[in-house]
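[1] what's the 3D shape of this:
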Amino acid sequence: MATLETVDVRNADNARAYGDSDTDVWLGRIHRDQTVQLPRSSNDLVKFSETHPPLGWLSEDGVPFDTDIDSEEFKGLQGSQIIKNKITQTNRSATIQALEESVRVGELYWDHGAPKKVAGSTNETIVDLPGSLKTLDCWAIFKFTDGENFVIYVWPHIQITDRGTLDHKNDDLSLYEMTAKFIGDGYMITNNADYAKHAEGTDGEGNDEANTTPELPAGEDDTEGEKAA
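    Numbering: from 1, shown residues only. So this is what the prediction gives:
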């Protein structure tokens, strides 16, 4: 009697627990009169970080990515059976909890402009906080590491929408929580061996549009006034 043989395709090396010390998130505002060339390799990201620093320390809760799918069910006449499902909407978002009270973080959380020095003081500044917040058009880079393994997600266009509660108490850290909603296509860079094994072709020239921040339509520039760099 023949026996059924199975091939074990499980590989524990592909399981990840991200959050090592060089995990980081980069967010930057999109200006209507400027474009930013985003990295397409880990080496590119090192150079990119020299002029575009990351947000710094992040909450231990991590950076969850959420995918919300809306779909429509279609039924046939006979027996009212579902014969087809069609995805009608895809919403992707990330929740970012920054821990550092810095201009980089504050500009995104509060939507404030550049700080000004307080007259007669060497270390005090004053910052105007707007009464209502606008949707902020940004680019985003997320790098997650687990030992020598890494994955880098790049989105040329995201929008900062919701902000979370900002606590001020002595038994917990203040969290600057922001929701980033992904607009359009992004891409992923990884040194995962399984992806390398199945790679087809080589990424090269001709991808400038894919890794360039978009031009905002007239009227959508949210950079009026002097903003922090």
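
[2] Going by neighbour count, list what's buried in the biggest strand by length in the chain.
    Ranked by number of residues, the top strand in the chain under DSSP state E is strand 82-98. By neighbour count with 16 or more other CB atoms under 10 Å, strand 82-98 contains the buried residues 92-98. (Glycine included, C-beta is placed from N, CA and C.)

[3] And the contacts of it?
    For strand 82-98, the external contacting residues (CB atoms under 8 Å, 6 or more residues apart in numbering) are 25, 27, 55-59, 61, 63-76, 105, 109, 140, 142, 158, 164, 175-182.

[4] Can you give me the distance of Trp26 to Asn211?
    13 Å (CB to CB, to the nearest Å).

[5] so where's the protein uncertain?
    Applying pLDDT under 70 to the chain flags the ranges 1-8, 32, 205-210, 216-229.

[6] Identify the residue nearest the geometric centre of it.
    By CA atoms, centre = their mean, the chain has its centre lying nearest to Ala140, at 4.3 Å.

[7] and that residue, what are its phi and psi?
    Per-residue torsions, Ala140: phi -150, psi 140 (degrees, to the nearest 10).

[8] show me the contacts for it.
    Counted by CB under 8 Å, 6+ apart, Ala140 has contacts 25-27, 94, 153-155, 158, 180, 182.

[9] and which of those residues is nearest Ala15?
    Closest approach to Ala15 among the contacts of Ala140 (CB to CB): Tyr153, at 18.6 Å.

[10] Help me confirm that the closest one is found in a strand?
    Yes. Assessed with DSSP: H, G, I helix; E, B strand; the rest coil, Tyr153 lies in a strand.

[11] if you skip the residues just before and after it, what's nearest to Thr161?
    Spatial nearest neighbour of Thr161, chain neighbours left out: Thr179 (5.2 Å); criterion: CB to CB, 6 or more residues apart in numbering.

[12] Let me know the helix or strand that the one you found is in.
    For Thr179, the host element (DSSP states H and E) is strand 176-182.

[13] Return the alpha-carbon coordinates of the helix or strand following that strand using PDB.
    Beyond strand 176-182 on the C-terminal side, the first helix or strand identified by DSSP H and E is strand 187-190. The C-alpha trace of strand 187-190 is given here as PDB (Å, rounded to 0.1, in the frame of the first residue of the first chain):
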ATOM      1  CA  TYR A 187       7.100  49.500  -2.300                       C
ATOM      2  CA  MET A 188       9.000  47.200   0.000                       C
ATOM      3  CA  ILE A 189      12.700  46.600   0.300                       C
ATOM      4  CA  THR A 190      13.900  43.400   2.100                       C
END
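
[14] for this protein, what spans make up the strands?
    24-29, 65-75, 82-98, 116-117, 125-126, 136-146, 149-163, 176-182, 187-190.

[15] if we can go back for a sec, which one's more surrounded, Trp26 and Asn211?
    Higher neighbour count among Trp26 and Asn211: Trp26, with 22 against 18, using other CB atoms under 10 Å.

[16] I'd like to know how far that one sits from Glu101.
    From Trp26 to Glu101 the distance is 18 Å (CB to CB).

[17] Now do Trp57 against Glu101, distance only.
    Taking CB to CB, one finds Trp57 at 10 Å from Glu101.

[18] quick one: which of those two has more around it?
    Trp57 (14 against 11).

[19] pretty sure that one is touching Glu100, no?
    Yes. Counting by CB atoms under 8 Å, Trp57 does reach Glu100; the two are 5.4 Å apart.

[20] Could you export the strands of the chain to CSV, including columns for distance to Phe48?
    Shown next, in CSV, are those (distance: least, CB to CB, whole Å):
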stretch, distance to Phe48
strand 24-29, 8
strand 65-75, 21
strand 82-98, 18
strand 116-117, 29
strand 125-126, 28
strand 136-146, 8
strand 149-163, 10
strand 176-182, 18
strand 187-190, 12
